[in-house]
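> build me a model from this:
(one chain, ligands or ions: 1)
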Amino acid sequence: MAQLINGKVVSAQIREELKAECEKLKKDYGIRPGLAVIIVGDDPASKVYVNNKEKGCAEVGYYSEVYRLPAETTEDELLSLVQKLNNDDKIHGILCQLPLPKHLDETKVILAIDPKKDVDAFHPENVGKIMIGNYSFLPCTPAGVMKLIESTGTDISGKECVVIGRSNIVGKPQAMLLLQKNGTVTICHSRTKDLKEVTKRADILVVAIGKADFVTGDMVKDGAIVIDVGMNRKADGKLTGDVDFASVEPKASFITPVPGGVGPMTITMLLKNTMTAAKNTIK
Ligand code: GUN
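Model (predicted):
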């Protein structure tokens with residue numbers, strides 16, 4: 001039987017540390033970390049994420065601004081808001097919630113954000129820094145996963161690490177972070193031949209494929225650490241991950257639940273990046 005990795009507990013510990021750091025930064029330098037969040041349109045899931053980001057800022061004592069823009073917002077309007085925030089000293093981090101409505105070009109918006117304020121670490125400059133292992137902003141979800149693996153007391157060095165999913169937001173940066181910790185990393189995706197043969201080798205399996213209950217017990221090695229990044233809404237409205245918990249849990253040594261595993265970590269890592277961005281402004 002696996003031990004559950006409790007993302008709420010790990011996240012709460014990091015937020016306590018950030019709250020203390022925030023107090024200290026205000027006292028020593030008169031700087032209060034500030035985050036601006038932009039949401040365009042009314043995608044229900046995005047609205048929930050943005051509200052949670054706003055609450056997260058309040059919890060640790062940061063300044064925050066949320067721009068809730070109508071779906072018809074033009075690219076020029078959005079890019080001028082980004083420019084204004086790039087030049088605003090109260091704002092250390094800028095996040096534009098994705099996905100954007102179809103008429104807006106996500107790449108243009110990401111490129112417009114000052115890399116020093118790019119707390120999502122989506123700008124190619126920051127992606128490149130992650131690739132060479134010399135970075136200040138952590139990719140939020142993969143960094144949260146690393147904290148959860150760390151919380152099990154496992155040394156990643158030399159372990160077989162398998163990542164299922166190759167997105168720019170999770171799979172690719174996840175593989176880089178595991179590699180930096182000297183894991184032997186394999187990235188699998190929808191075209192991988194004999195996926196089970198690969199996943200069975202994993203000491204650490206990170207699943208970010210976006211398909212409900214995709215990984216089943218027969219695909220997992222005994223004693224593996226299984227991290228489920230998935231968040232899928234079932235027909236009955238319940239949240240479920242990419243891992244079939246019922247069949248995988250008896251085989252794993254550690255497993256993250258959904259909800260309550262990776263989810264709570266992502267915003268916490270965003271808050272950590274905002275702290276880094278604020279500290280980086282100290283001359
Ligand atoms: N939409 C889903 N996840 C994310 C994220 O991490 N950052 C942004 N900006 N949008 C998202």
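> for the stretch 101-250 of the chain, which segments count as helices?
Applying DSSP state H, counting those that start in this stretch to the stretch 101-250 of the chain gives helices spanning 106-112, 124-132, 140-150, 171-180, 195-199, 245-248.
> so what touches the last one?
To tie it back to what came earlier, the one meant is helix 245-248. Applying Cβ atoms under 8 Å, 6 or more residues apart in numbering, the contact partners of helix 245-248 are Ala2, Asp213, Val215, Thr216, Gly217, Asp218, Val220, Val226, Asp228, Ile255, Pro257, Val258. Using the backbone N, CA and C atoms, a C-beta is placed for each residue, glycine as well.
> ok so, going back, quick one, which of the helices of the stretch 101-250 of the chain is nearest to the ligand?
Of all the helices of the stretch 101-250 of the chain, helix 140-150 sits nearest to the ligand, with 5.2 Å by Cβ to the nearest ligand atom.
> what is the burial count for Gln4?
Quick fix: residue 4 reads Leu, not Gln. 16 (other Cβ atoms under 10 Å).
> apart from its chain neighbours, what residue comes closest to it?
Pro257 (5.7 Å; Cβ to Cβ, 6 or more residues apart in numbering).
> check what pLDDT that neighbour gets.
On pLDDT, Pro257 comes in at 98.
> kindly report the same for Gly237.
89.
> that one: how many residues sit nearby?
Gly237: 6 neighbours (other Cβ under 10 Å).
> near the ligand, which residues of the stretch 101-250 of the chain?
Taking Cβ under 6 Å from any ligand atom, the part of the stretch 101-250 of the chain that reaches the ligand is made up of Asp120, Cys140, Ile169.
> list the contacts for the residue most central in space within the chain?
Centroid-nearest residue in the chain: Thr141, 1.7 Å away (criterion: Cα atoms, centre = their mean). Residues near Thr141 by Cβ under 8 Å, 6+ apart: Ile169, Val170, Gln174, Ala208, Val229, Val262, Met265, Thr266, Met269.
> one more: Pro115?
Going by Cβ under 8 Å, 6+ apart, the list of residues near Pro115 reads His123, Glu125, Asn126.
> wait, what's in contact with the second one?
So that's Glu125. Pro115, Asp118.
> can you tell me the closest non-neighbouring residue to the residue of the stretch 101-250 of the chain found nearest the ligand?
Nearest residue of the stretch 101-250 of the chain to the ligand: Asp120, at 4.7 Å (Cβ to the nearest ligand atom). What sits nearest to Asp120 in space, not counting adjacent residues and going by Cβ to Cβ, 6+ apart, is Leu95, at 5.5 Å.
> need phi/psi at the one you found.
Phi and psi for Leu95, reported as degrees, to the nearest 10, are phi -130, psi 130.
> that one pairs with what?
Val37 (DSSP bridges).
> about what we covered before: if you rank the contacts of Thr141 by neighbours, which is first?
Going by other Cβ under 10 Å, Val229 tops the contacts of Thr141 with 31 neighbours.
> okay, now Leu85: neighbour count?
22.
> equivalent analysis for Asp242, please.
22.
> residue contacts, the residue nearest to it when sequence neighbours are not counted?
Nearest residue to Asp242 in three dimensions, chain neighbours excluded: Gly230, at 3.0 Å (Cβ to Cβ, 6+ apart). Contact partners of Gly230, counting by Cβ under 8 Å, 6+ apart, are Val207, Ala208, Ile209, Gly210, Lys211, Ala212, Phe214, Thr240, Gly241, Asp242, Val243, Val258.
> distance of whatever residue of the chain ends up closest to the ligand from Phe214?
Scanning the chain for proximity to the ligand using Cβ to the nearest ligand atom identifies Leu98 as nearest, at 3.7 Å. Distance from Leu98 to Phe214, counting by Cβ to Cβ, to the nearest Å: 23 Å.
> circling back to that earlier point, pick the most buried one from the helices of the stretch 101-250 of the chain.
Each of the helices of the stretch 101-250 of the chain was scored by mean neighbour count; the highest is helix 140-150, a mean of 24, by mean count of other Cβ atoms under 10 Å.
> isn't Ala58 right up against Val66?
No: with contact defined as Cβ atoms under 8 Å, Ala58 does not count as touching Val66 (11.2 Å).
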